[in-house]
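*Asks:* Predicted model and sequence follow; I will ask about them next.
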Amino acid sequence: DTGVSQDPRHKITKRGQNVTFRCDPISEHNRLYWYRQTLGQGPEFLTYFQNEAQLEKSRLLSDRFSAERPKGSFSTLEIQRTEQGDSAMYLCASSLSLLGERGSGNTIYFGEGSWLTVV
Amino acid sequence: GDSVTQMEGPVTLSEEAFLTINCTYTATGYPSLFWYVQYPGEGLQLLLKATKADDKGSNKGFEATYRKETTSFHLEKGSVQVSDSAVYFCALTSSILTGGGNKLTFGTGTQLKVEL
């Protein structure tokens, strides 16, 4: 049983460079989420996919951030022209929902995160 | 908007001590409530959950009861171990996103240190 996997686990980049993170959700999970976590804080929602459709984006997601899930399986999160304030852990999560289900109790499973340090 | 408030840490306990980590929430509608645990350098793991009032979630000796009247979901464990040292996050989902997805809103986390 494979959980949510993220790659790379750690990335150090210079300010102004672009970075891309990949997330492979739990197989057959149709929902995929990206969160950001800074030191001493809880994770904050960034964006969410239902299959391949990006249905919600937080105000935290500036124009330099873009996320895709082209085939409804894996997802990528790209940050362009990185800034020091982008340094954080980027968490991917997934869950399974049934057709027509709108309950709020579905369990969301998280990956181990991708640490980004912008120097 | 929805929010979660947790007691500040770090909480330092001796092994076998009783643990309580307080969590209160503000939400519209009827949220589901969760506790997640994060070990050093790792992602979040679901510890337990409760989806309606008076439900009790439990796992690995940890328990939390959904109290709608006090809007609380306090985490308890009768006898902590060194291996329980981690950061604990209380969270809720109630804001249904477009298409029915859940958005978790987290507290700031409470660090627990258990010493021998």
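*Replies:* Good, I have the coordinates.
*Asks:* low-confidence ranges in chain B?
*Replies:* Across chain B, the ranges flagged by pLDDT under 70 are B:94-96, B:98-100.
*Asks:* so where do the strands sit in it?
*Replies:* B:3-6, B:11-14, B:19-21, B:23-26, B:32-38, B:44-50, B:56-59, B:62-65, B:75-77, B:86-96, B:102-106, B:110-115 (DSSP state E).
*Asks:* got JSON lines for these, with distance to residue A:94 too?
*Replies:* In short, each C-beta sits where N, CA and C put it, glycine included. As requested, the strands of chain B are exported to JSON lines (distance: least, C-beta to C-beta, whole Å):
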{"stretch": "strand B:3-6", "distance to residue A:94": "22"}
{"stretch": "strand B:11-14", "distance to residue A:94": "31"}
{"stretch": "strand B:19-21", "distance to residue A:94": "27"}
{"stretch": "strand B:23-26", "distance to residue A:94": "24"}
{"stretch": "strand B:32-38", "distance to residue A:94": "15"}
{"stretch": "strand B:44-50", "distance to residue A:94": "12"}
{"stretch": "strand B:56-59", "distance to residue A:94": "20"}
{"stretch": "strand B:62-65", "distance to residue A:94": "24"}
{"stretch": "strand B:75-77", "distance to residue A:94": "24"}
{"stretch": "strand B:86-96", "distance to residue A:94": "14"}
{"stretch": "strand B:102-106", "distance to residue A:94": "12"}
{"stretch": "strand B:110-115", "distance to residue A:94": "26"}
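*Asks:* of all these, which lies closest to chain A?
*Replies:* When the strands of chain B are compared for distance to chain A using C-beta to the nearest C-beta, the nearest one is strand B:102-106, at 3.1 Å.
*Asks:* so what strands line up beside that closest one?
*Replies:* strand B:86-96 (antiparallel) (DSSP bridges).
*Asks:* what inclination does the partner strand have with respect to strand B:110-115?
*Replies:* Interaxial angle, strand B:86-96 versus strand B:110-115 (axes from the mean of the first three to the mean of the last three C-alpha atoms, to 10 degrees): 160 degrees.
*Asks:* Briefly note if stretch B:108-116 comes near chain A.
*Replies:* Yes: for a cut-off given as C-beta under 8 Å from any C-beta of the partner chain, stretch B:108-116 has contacts with chain A, namely B:108-109.
*Asks:* The closest residue to residue B:102 other than its chain neighbours: how many residues sit nearby?
*Replies:* Spatial nearest neighbour of residue B:102, excluding adjacent residues (C-beta to C-beta, 6 or more residues apart in numbering or on different chains): residue B:93 at 4.0 Å. A total of 27 residues lie near residue B:93 under the criterion other C-beta atoms under 10 Å in any protein chain shown.
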